[in-house]
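Asks: Could you work out the structure for the sequence below:
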Amino acid sequence: MKSIKHVVLSVGLLLMLLLAAAGCSPNQTETPKEDDTKTTPNTEAAATYVGDDACKSCHDEASTAFHGTKHSEALQPISEFQLTGDLPEVELFDGADPDNTKPVKIDLSSAKLYGVMVNEYLLAEVPGFKSNIYRVAKLVKNGDKYDVQAAKSVDVDKDGTEDWQAADGTSCAKCHAPGVLVESPTLGVSCESCHGPGSAHVAAAPDKKKGSIMASPTSALPDTGTCLECHRSDPEKDDNGTLIANNHYGARNWFASEHARSGQLTGCMACHTPHKANAKGQLLLEDNAADVCAACHAGDNIDLEKLMWKNPTDPHNHITADHSFGAMKYEDMGDDPDTKEIEITNPAYVDLVKKAFPDLAE
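Replies: Numbers count the residues shown, from 1 in each chain. Predicted structure coming up:
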């Protein structure tokens, strides 16, 4: 009887040892639990912003060229501007909070400054205010120097005098100072503004670099979506419900062009380059715009002044030419030439816009 018990115990012990050995085998693969697969972060989600210096170490030529473009100058440090006096101490009212009529005294010389946006507005943080980013002042050219004035003057407290109001700068920063919003080492427009956060790309092994970072298009045209995040093409409505050609962003009425609707182009990069300005400071593949057109339209009689009209009432004279390429001609818009806005009242154009943007049909 004892012999049988010894045999049973020996067999049991042997099975336990075999199972233990199998469990420790380096060749065994364990099927991940369902929850494990859901919680594993992907490379894009885990990536963080590293700044342009990290890009330059490998992409020196592209980085150097990019920093010679207007994009890279969208936000510059205050030290680049010679002022007529010191940055003042001012009483600021919160332009992002209409219910707050109490000012905050702030010394701009010691404030948390992000820089000067589009060579005009001083961006900064104002402790205690509703938003995170404000246009706290604007720089006005005075000879070869700059005066510091209120970004916006409004009689907030209704005492009969204009107050120094800090205008919410979040919307402006999305395109002119995107690095501020994502806490990037490069506060203005940077490589990562178009390509996305680069930490995963920087950390990737040499043979894994390709595909570890790329621009994320948001339209059907692969090289267009990223650009249209800032250079919007769609019109807007004014307070009266009238359609207005979007004059601020640059790619006005691109959606209506044959280039956009035919799908024959790969998007903005068919004519533009994001990395290097041409001899005229433009982000075009050639020094002359007509030469870009000639690459596909050789021999055609192209009048760019008519095809890419500019807003004749624009007070600043710096807005990008129309990108409908004749599909929405200025003389047919139905515009009121006495207003800065470009009204779209031509029924055919109104119908074209509403078909392209159903939200504007409501």
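Asks: CA atoms for contacts and neighbours, from now on please.
Replies: Will do.
Asks: Return the distance of the most centrally placed residue in the chain relative to Cys296.
Replies: Using CA atoms, centre = their mean, the residue of the chain that lies closest to the mean C-alpha position is Cys175, 4.0 Å off. Look at Cys175 and Cys296: by CA to CA, to the nearest Å, they are 31 Å apart.
Asks: List the residues that contact the closest residue to Glu341 other than its chain neighbours.
Replies: Of all residues not flanking Glu341 in the chain, Ile244 sits nearest, at 6.5 Å (CA to CA, 6 or more residues apart in numbering). By CA atoms under 8 Å, 6 or more residues apart in numbering, the residues touching Ile244 are Pro235, Glu236, Lys237, Asp238, Glu341, Ile342, Glu343, Ile344.
Asks: for the nearest residue to the third one once chain neighbours are set aside, phi and psi?
Replies: To tie it back to what came earlier, the one meant is Lys237. Nearest non-adjacent residue to Lys237, counting by CA to CA, 6+ apart: Leu243, 4.5 Å away. Phi and psi for Leu243, reported as degrees, to the nearest 10, are phi -70, psi 140.
Asks: Leu243 bridge partners, please.
Replies: Beta-bridge pairing of Leu243 under DSSP bridges involves Lys237, Ile344.
Asks: surely the residue nearest to the centre of the chain meets Val189?
Replies: Yes. When contacts are counted by CA atoms under 8 Å, Cys175 is listed as touching Val189 (7.4 Å).
Asks: quick one on the thing from earlier: quick check: the residue nearest to Lys237 vs Asp60, distance?
Replies: Distance of Leu243 to Asp60, computed by CA to CA: 44 Å.
Asks: who has more neighbours, those two?
Replies: Using other CA atoms under 10 Å, the more surrounded residue of Leu243 and Asp60 is Leu243, with 21 against 13.
Asks: Now for the more buried one: which residues touch it?
Replies: Taking CA under 8 Å, 6+ apart, we find Leu243 in contact with Pro235, Glu236, Lys237, Glu343, Ile344, Thr345, Val350.
Asks: One more: Ala270?
Replies: Applying CA under 8 Å, 6+ apart, no residues contact Ala270.
Asks: can you give me the strands in this structure?
Replies: 75-76, 89-94, 104-107, 113-117, 121-124, 134-142, 145-149, 152-154, 163-168, 236-237, 243-244, 343-344 (DSSP state E).
Asks: could those strands go into CSV alongside distance to Ala321?
Replies: Listed next are those as CSV, based on distance: least, CA to CA, whole Å:
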stretch, distance to Ala321
strand 75-76, 23
strand 89-94, 35
strand 104-107, 41
strand 113-117, 22
strand 121-124, 24
strand 134-142, 26
strand 145-149, 29
strand 152-154, 29
strand 163-168, 28
strand 236-237, 17
strand 243-244, 15
strand 343-344, 16
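Asks: how about the ones you listed, which one is nearest Leu83?
Replies: strand 145-149 (4.7 Å; CA to CA).
Asks: Can you list the helices and strands that that closest one packs against?
Replies: strand 134-142 (3 or more CA pairs under 8 Å, 6 or more residues apart in numbering; DSSP states H and E).
Asks: counting contacts, what elements does the strand it packs on pack onto?
Replies: strand 121-124, strand 145-149, strand 163-168.
Asks: in its sheet, what does it sit against?
Replies: For strand 134-142, pairing defined by DSSP bridges yields strand 121-124 (antiparallel), strand 145-149 (antiparallel), strand 163-168 (antiparallel).
Asks: Give the buried residues for the second one.
Replies: Translated: strand 145-149. Using 16 or more other CA atoms under 10 Å as the test for burial, strand 145-149 gives Tyr146, Asp147, Val148, Gln149.
Asks: who does the third one bridge with?
Replies: Using DSSP bridges, the bridge partners assigned to Val148 are Leu139.
Asks: any idea how far it lies from Glu120?
Replies: From Val148 over to Glu120 (counting by CA to CA), the distance is 10 Å.
Asks: list residues touching both of the two?
Replies: Counting by CA under 8 Å, 6+ apart, the contacts common to Val148 and Glu120 are Lys138, Leu139, Val140.
Asks: who touches the first one in this structure?
Replies: Under the criterion of CA under 8 Å, 6+ apart, the contact partners of Lys138 comprise Glu120, Tyr121, Leu122, Val148, Gln149, Ala150, Ala151.
Asks: By neighbours, which of these wins?
Replies: So for the contacts of Lys138 (other CA under 10 Å), the most neighbours sit at Leu122, 27 neighbours.
Asks: does that one really touch Leu139, like I thought?
Replies: Yes. The pair Leu122 and Leu139 passes the contact test of CA under 8 Å, sitting 7.4 Å apart.
Asks: Distance to Phe357 and mean pLDDT added to the strands paired with strand 134-142, as CSV?
Replies: Shown next, in CSV, are the strands paired with strand 134-142 (distance: least, CA to CA, whole Å; pLDDT from 0 to 100):
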stretch, distance to Phe357, mean pLDDT
strand 121-124, 32, 97
strand 145-149, 39, 97
strand 163-168, 28, 94
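Asks: Mind checking these for the one nearest to His201?
Replies: It is, among the strands paired with strand 134-142 and with distance given as CA to CA, strand 121-124, at 30.1 Å.
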